[in-house]
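Enquirer: Sharing a sequence plus its predicted fold:
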Amino acid sequence: MSDCLFCKIAAGQIPATVVYQDDRLVAFKDVNPQAPMHVLVIPRRHISSLNDLTAQDDALVGEMIRRAASLAGEHGYGDRGYRTVYNCNADAGQTVFHVHLHVLAGRSLTWPPG
Ligand code: 5GP
Ligand code: ZN
């Protein structure tokens with residue numbers, strides 16, 4: 001989608017600190033980190049929110065989650081632990097409408113979330 005911030009990051013049109021990319025996914029550091037590790041994993045293809053996923057996206061979502069686990073491990077947080085979050089729409093605080101998986105680690109994360 002032409003005016004989507006994360007599509008532009010995936011296309012390299014807006015700079016970001018990219019920590020992983022392949023033909024389907026890009027992972028980059030969140031510009032406003034909420035933990036020592038705060039990475040966003042996104043699909044290159046524009047999908048606005050979790051509500052727009054179809055069964056054909058199941059493999060893509062699996063790749064996102066497994067990539068999150070790999071990145072947490074590579075950053076040294078696999079054993080200690082990390083949190084993965086998909087926010088969907090207003091009550092969850094979604095602000096960028098291109099599906100993204102937050103990966104947070106490096107501090108004790110409270111539960112329930114705010
Ligand atoms: P949401 O609130 O939609 O779940 O998460 C959006 C995330 O994108 C926020 O954590 C926010 O800090 C991050 N973000 C917003 N704009 C940019 C940007 O231009 N670059 C990067 N790297 N992260 C961004
Ligand atoms: Zn997009």
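Expert: Looks like it came in fine. Ligands and ions are numbered 1, 2, ... in the order given.
Enquirer: List the residues that contact residue 77.
Expert: 37, 105-106 (C-beta atoms under 8 Å, 6 or more residues apart in numbering). (Each C-beta comes from the backbone N, C-alpha and C, glycine too.)
Enquirer: neighbours of residue 19, just the number please.
Expert: Each residue near residue 19 was counted by other C-beta atoms under 10 Å, and the total is 18.
Enquirer: quick one: secondary structure of it?
Expert: Reducing the assignment to helix, strand or coil with DSSP: H, G, I helix; E, B strand; the rest coil, the entry for residue 19 is strand.
Enquirer: quick one: it and residue 26, what's the gap?
Expert: Using C-beta to C-beta, to the nearest Å, one obtains 9 Å as the distance from residue 19 to residue 26.
Enquirer: go on, residue 58?
Expert: Separation of residue 58 from residue 26 (C-beta to C-beta) stands at 19 Å.
Enquirer: try residue 61
Expert: 15 Å.
Enquirer: before we move on, back to that, name the residue in residue 58 and residue 26 with the higher neighbour count.
Expert: More neighbours sit around residue 26 than around the other of residue 58 and residue 26, counting by other C-beta under 10 Å; the figures are 22 against 10.
Enquirer: residue ranges of the helices in this protein, please?
Expert: Chain-ordered helices for the chain, with DSSP state H as the definition, fall at 5-10, 58-74, 89-92.
Enquirer: Pick the most buried one from the ones you listed.
Expert: Most buried of these, by mean neighbour count (mean count of other C-beta atoms under 10 Å): helix 5-10, with a mean of 19.
Enquirer: Make JSON lines from the helices of the chain and add distance to residue 42 to it.
Expert: Below are the helices of the chain laid out as JSON lines (distance: least, C-beta to C-beta, whole Å):
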{"stretch": "helix 5-10", "distance to residue 42": "5"}
{"stretch": "helix 58-74", "distance to residue 42": "8"}
{"stretch": "helix 89-92", "distance to residue 42": "17"}
